[in-house]
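S.K.: quick one: sequence and predicted model below, then my questions.
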Amino acid sequence: MKKRVFISFDFDNNLSLKNLLVGQAKNPDSPFEISDWSLKEAAPEWDWMYKAEQKIKCSDIVVVIAGTYTYCASGVKKEIALARKHDKKVVQIKPIGTNPIRVYDAGVMYDWTWENLKKLLS
């Protein structure tokens, strides 16, 4: 059974990276699946938090895409807090050749390689 992944990312700066991870989940040998659960519409914070919490609760793991400004993205911090509240494993991945600041309480940071994804998400 494939792991259900919730992606936490800096919407303003890393949407293309999120889309890349969604694409990788479609590989035939992918051990994980991603329902595109990004909240696309602007919503009051209480509504956004409720929807994010429901989606995180249905996931097996939260993957934080660590970009240049992810460490200070307020939505990412809130999603991590929700993941911790529901005892979900949280890991960070960073694009090869980058050195982003680690997101607080978001778990170990790994290089974003196909091999690492398969190991982390199997």
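M.R.: Right, received. Where do you want to start?

S.K.: which other residues reach the host helix or strand of Glu115?
M.R.: Applying DSSP states H and E as the criterion places Glu115 in helix 114-120. The contact list for helix 114-120, computed with C-beta atoms under 8 Å, 6 or more residues apart in numbering, reads Gln24, Asn27, Asp29, Ser30, Pro31, Phe32, Ile61, Val63, Val91, Ile93, Tyr110. No exception for glycine: its C-beta is placed from N, CA and C like everyone else's.

S.K.: following the lowest-mean-pLDDT helix or strand in the chain, which helix or strand comes up?
M.R.: Of all the helices and strands that make up the chain, helix 45-57 has the lowest average by mean pLDDT, DSSP states H and E, namely a mean of 88. Next helix or strand after helix 45-57 toward the C-terminus (DSSP H and E): strand 61-65.

S.K.: for this structure, which spans come out with low pLDDT?
M.R.: 35-43 (pLDDT under 70).

S.K.: and the helices in it?
M.R.: In chain order, the chain shows helices spanning 15-24, 45-57, 74-85, 114-120, with DSSP state H as the criterion.
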